[in-house]
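S.K.: Below are the sequence and a predicted model for it; my questions follow.
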Amino acid sequence: MNKKKHHLSYAKWGYIFILPFFVTFFIFSLIPLVDTVRYSFFEYYRSGIKEIGPTFIGLENYAELLKSDMVGYAGNTLILWLIGFVPQIVIALLLANWFTDVRLKIRGKQFFKIIIYLPNLIMASAFAMLFFALFSTNGPINSILMSIGLTDAPIDFMGTTFGTRSLIGLMNFLMWFGNTTIMLMAAIMGISPDIFEAAELDGCGSFRRFFSITLPLIRPILAYTLITSIIGGLQMFDVPQILTNGQGNPDRTSMTLIMFLNSHLKSRNYGMAGALSVYLFIVSGILCFFVYRMTNGSDSTAKHRKHAKGGAKA
């Protein structure tokens, strides 16, 4: 008599364990996202105790935003992001390549990793308040500059466009370069040591090895870093908000898109805020698509050519 073998499946438990995530995502993310897009087509705001709308107006909110200073604030956001990101990626690449080079035999790597990553643990609000105190006209930086004779009068760092943007960029650099360094170090350590040993035997120098081996092989992590940095840059809010007291001074040259969005939310103009959120989503998607294509385009082209050659031989 043949006994039937009972197969016990645990697949259902996987679905049960991930169910809370999907329920939470549906309630707290997907429904608000759909509502945001829906409200962007409506005139819906509050004036005092009077509520206007919601009245369907189509694309008027989108057209009104294009007539506003939104494009200028987008330019501010891009400039502030570049000031912080360019030195961040350069320093992070140099440090990551330095700490992962086995030939240097650097001691205390774990200590340096902790020191590099520590600024990432400090809240942006605390960073902004610290810099506000350090670089104010009566702050210690001006006192030091005057005491050593570099200036005769206090420098109003936050009274000029260059000074304010530089401080915001410096804060973003200090907060995030440690995180970027750790990720790039992990990517470089994932490269097989045999590749570097072969390159060294072939007489490959440090610069050639970095640009011909390291950079191409960590390209996926570089793409991830750039994409997340773009998204974070478009969402830049807390540092310029606190440093300029929400005004984007001087002359709104440090006003970012999210600060502009926050002003609409504060005034309870939900339709306009929804339209601006959709614009941000579209811009983020377009920029991330171009970054992905630039960083992975050559791989896709090479694979396409390889398949084409294989088909031609067949």
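M.R.: Received it, and whenever you're ready, just let me know what you need.
S.K.: Can you name the element that comes right after the helix or strand hosting F112?
M.R.: According to DSSP states H and E, F112 maps onto helix 109-121. Per DSSP H and E, the first helix or strand lying C-terminal to helix 109-121 is helix 124-134.
S.K.: In terms of secondary structure, what does that following helix contact?
M.R.: Of the remaining helices and strands, those touching helix 124-134 by 3 or more CB pairs under 8 Å, 6 or more residues apart in numbering; DSSP states H and E are helix 161-189, helix 238-243. (C-beta placed from N, C-alpha, C; glycine too.)
S.K.: what does the helix or strand following it rub up against?
M.R.: Per DSSP H and E, the first helix or strand lying C-terminal to helix 124-134 is helix 140-147. Around helix 140-147, the neighbours that count as contacts under CB atoms under 8 Å, 6 or more residues apart in numbering are L134, F135, S136, T151, D152, A153, P154, I155, F157.
S.K.: swap in stretch 263-281?
M.R.: With contacts defined as CB under 8 Å, 6+ apart, stretch 263-281 is touched by 36-46, 53-54, 57, 61-62, 64-65, 70, 234-235, 257-258, 260-261.
S.K.: Just the buried residues of those.
M.R.: Buried residues within those, counting neighbours by 16 or more other CB atoms under 10 Å: 36, 39-45, 57, 61-62, 65, 70, 234, 257-258, 260-261.
S.K.: what helix or strand does E64 sit in?
M.R.: helix 60-67.
S.K.: the bottom helix or strand of this structure by mean pLDDT?
M.R.: helix 270-313 (a mean of 73; mean pLDDT, DSSP states H and E).
S.K.: residue nearest the centroid of the chain?
M.R.: Nearest to the geometric centre of the chain sits S229, at 2.2 Å (CA atoms, centre = their mean).
S.K.: my guess is it meets W81, correct?
M.R.: Yes: if you go by CB atoms under 8 Å, S229 and W81 touch, sitting 7.4 Å apart.
S.K.: Common neighbours of the two, please.
M.R.: The contact sets of S229 and W81 do not overlap (CB under 8 Å, 6+ apart).
S.K.: Closest one of the contacts of helix 140-147 to L104?
M.R.: Distance to L104 across these (CB to CB) is lowest for L134, with 33.9 Å.
S.K.: Please report how far the spatially closest residue to that closest one that is not a sequence neighbour lies from L80.
M.R.: Nearest residue to L134 in three dimensions, chain neighbours excluded: I141, at 5.3 Å (CB to CB, 6 or more residues apart in numbering). I141 sits 21 Å away from L80, going by CB to CB, to the nearest Å.
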